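Novice: Turn this into a model:
(chains A and B)
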2 protein chains.
Amino acid sequence: MSQNFSFHFQACCSNTKARAGVFLTPHGSVDTPRFMPVGTLATVKTLTPTQLEKAGAQMILANTYHLHLQPGESIIAGAGGLHKFMAWSGPILTDSGGFQVFSLGEIRTISETGVKFRSPRDGSIIDITPERSIQIQNELGADVIMAFDECPPYPASREEVELATNRTYRWLKRCIEAHQRQDQALFGIVQGGVYPDLRSVAARQLVDLDLPGYAIGGVSVGEPGELIDDIVKVTAPLLPEDKPRYLMGVGTYREMVRAIASGIDLFDCVIPTRLGRHGVALVRGERWNLKNAKFREDYTPLDESCPCYCCQNFSRAYLAHLVRAKESLGYTLLSLHNVTELIRFTQRIRDAILGDRFTTEFAGWL
Amino acid sequence: MSQNFSFHFQACCSNTKARAGVFLTPHGSVDTPRFMPVGTLATVKTLTPTQLEKAGAQMILANTYHLHLQPGESIIAGAGGLHKFMAWSGPILTDSGGFQVFSLGEIRTISETGVKFRSPRDGSIIDITPERSIQIQNELGADVIMAFDECPPYPASREEVELATNRTYRWLKRCIEAHQRQDQALFGIVQGGVYPDLRSVAARQLVDLDLPGYAIGGVSVGEPGELIDDIVKVTAPLLPEDKPRYLMGVGTYREMVRAIASGIDLFDCVIPTRLGRHGVALVRGERWNLKNAKFREDYTPLDESCPCYCCQNFSRAYLAHLVRAKESLGYTLLSLHNVTELIRFTQRIRDAILGDRFTTEFAGWL
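Specialist: The predicted structure is shown next:
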């Protein structure tokens, strides 16, 4: 691992594989386990960087595919990179765009070289190869960049998944070759679908490449929670203890607790902001639709124990009013609360691991 | 005037009627001249109270008509009033709803009693009388409440305007009678359309009632800037020197400078937030559409001299990206800048009046 990055192990749960650590990056450290908010288009939807910081965000995500389409990496490079462009001084991770490109379905063709597709914005033909994805990510300048992987849909046959997993490995080697910047850590992505043996092979191949961090991919493309749990249980223990482990696209309470119990450190998900924009609050494991009539005259905060700006200043009645009136501030306040809630949830798990209370405190989720 | 309210004269321009003062209310003071942001539905669109405060907002507006329709005054009273409901601890002014009710056109009927109309939300029949408007405003609990007036459209015949102006006066007396709270100041509204003699009569009638403040109404219903200027020139000097003067619905640079030169203290307008939500920035008297191609690679802030969060952290290129991508944060940042810009503009005028530099510094606008 480049000297710019390191993972420091702090504590381990005595009866699960859960662990607490700190991941150091050029733009600051990330306490793990931790939820990372998603800022696809260089904005965590509806929130300012200051609001995000107060929500406890450390590392945030942005997306290579979306930023390539708009505004284009050259405009972001011209600003001095993603951190300056979006005024986020903490660590950033860019996803490679693999997941998004493969989600395009009919309108893309895959070859050993890479993926060709029509831009959903202007219909132009776009070629993304492993080299191109890394080049774009080098220009964007995030702290952590992700390998360009082939992400088969769920369900997919064993044969399809095996082909995709092998290609992902060949592409990873091309990504490593193409990667230019010492101040960016390239993470590999373990694919292998729901097949434990394919996941194992993929994990062992990746570990041999001695990367600064490892992700488990392809688990949020339709699998039920039980399957996610099974995949993580098989894969996580095969990844090196001294490197961060990131479960891509997962950010629900139950799946995070269980993945942490298997040794996962990092999570991301669009859920808190997407729910916020639909008038839904995440409160202690539940989802509350603020359009529900019972909130109209409820003058208590969403969660009295939550330190976020929304809970410290506004009532459920006010939020219900804003959501009914389709007022933008309602979506902002709910997104702010939801992001805070998931970050706090992982922070509480971290504190429990540090105090060796994880399995007792989170027994209900395990 | 109740002891809860007072207007303190600080300075007067030596060669215009421009004046600087402080208006004291139960929730804090307002330095005049000053622009007041509009929070129709108990939210200044897209902005948090903290962002508003940092933008320099002192008194903000909310609207009786809109809040009566949703969420209803009883829900706001249940929260402890508008200040607590929306978490704005500074002064608030509620407009009476007269302007909005009369804008409904075909779907309302006017009588001496008041106005009957169909709710645009659920079709139910709603009656707003002067007494009802004041009762609602008493429940909402703003610092300043407005008389319920008949607001004729522009253009309107002299006869129509005369009838409306006389009725507005009779209604004002009913409003005064109905008003219950010592901690709320009831402002009268001078109507009279574009007819100087009707404005003069109305102003003199209102002054005799010794109200804690006076507004000039009916000037933003389609009149060109020159007419606004003429109306204000005739009306403002007839209003008492020791009471605040408020020009309703006006918030463009030129009209504010000219109205201030005639002795106006307070302004409100939805323009800064409405333009913000359409991707337009107010910059030193100009309107910039951020969708314009020239901003795509412009890495400078909107206005280097602006202290707002948007200008201190983000480039025109980033704003252009957000607006093109229809990202909510773009509308928030532009609204924040625009509100800051108009408040700063009136603050600069105030400073110039205090230093007796108003006519030299703002010569270009006069």
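Novice: next one: stretch A:16-25 to chain centre, how far?
Specialist: 16 Å (C-alpha atoms, centre = their mean, to the nearest Å).
Novice: and the stretch 201-350 of chain A, which residues reach chain B?
Specialist: Proximity of the stretch 201-350 of chain A to chain B, by C-beta under 8 Å from any C-beta of the partner chain, involves residues A:277, A:296-297, A:299, A:309, A:313-315, A:317-318, A:320-322, A:324-325, A:327-333. No exception for glycine: its C-beta is placed from N, CA and C like everyone else's.
Novice: go with 7 Å
Specialist: A:296-297, A:299, A:309, A:313-315, A:317-318, A:321-322, A:324-325, A:327-329, A:331 (C-beta under 7 Å from any C-beta of the partner chain).
Novice: which residue is nearest the centroid of chain A?
Specialist: What sits nearest the mean C-alpha location of chain A, by C-alpha atoms, centre = their mean, is A:Asp268, with 2.3 Å.
Novice: circling back to that earlier point, now, the residues of the stretch 201-350 of chain A next to chain B that are in helices?
Specialist: Counting by DSSP state H, those place A:309, A:313, A:317-318, A:321-322, A:324, A:328-329, A:331 in helices.
Novice: In three-state terms, label the residue in the stretch 101-250 of chain A that chain B sits nearest to for me.
Specialist: Residue nearest to chain B within the stretch 101-250 of chain A (C-beta to the nearest C-beta): A:Arg121, separated by 10.1 Å. Of the three states, A:Arg121 takes coil under DSSP: H, G, I helix; E, B strand; the rest coil.
Novice: contact partners of the lowest-mean-pLDDT helix or strand in chain A?
Specialist: The weakest-scoring helix or strand in chain A, judged by mean pLDDT, DSSP states H and E, is helix A:98-102 (a mean of 83). Contact with helix A:98-102 is made by A:63, A:65-66, A:108, A:115, A:117, A:128, A:148-151, as judged by C-beta atoms under 7 Å, 6 or more residues apart in numbering or on different chains.
Novice: Can you pick out the most distant pair from those residues?
Specialist: A:His66 and A:Glu150 (18.9 Å; C-beta to C-beta).
Novice: which SS class is the residue lying closest to A:Gly193 once chain neighbours are set aside?
Specialist: Using C-beta to C-beta, 6 or more residues apart in numbering or on different chains and skipping the chain neighbours, the partner closest in space to A:Gly193 is A:Val161 (3.7 Å). Secondary structure assignment for A:Val161 (three-state DSSP): helix.
Novice: Provide a list of residues in contact with A:Val161.
Specialist: A:152, A:192-193, A:195, A:198.
Novice: Domain map for chain A?
Specialist: A:21-268, A:270-357 (the TED database).
Novice: Please, which helix or strand holds the residue lying closest to A:Glu162 once chain neighbours are set aside?
Specialist: Among residues not flanking A:Glu162 along the chain, A:Leu198 sits closest, at 5.8 Å (C-beta to C-beta, 6+ apart). Assessed by DSSP states H and E, A:Leu198 sits inside helix A:196-208.
Novice: Pull out the buried positions in that helix.
Specialist: A:198-203, A:205-207 (16 or more other C-beta atoms under 10 Å in any protein chain shown).
Novice: Can you tell me what sits against it?
Specialist: Contacts for helix A:196-208 (C-beta under 7 Å, 6+ apart): A:161-162, A:165, A:169, A:172, A:188, A:190-192, A:214, A:231, A:234-235, A:238-240.
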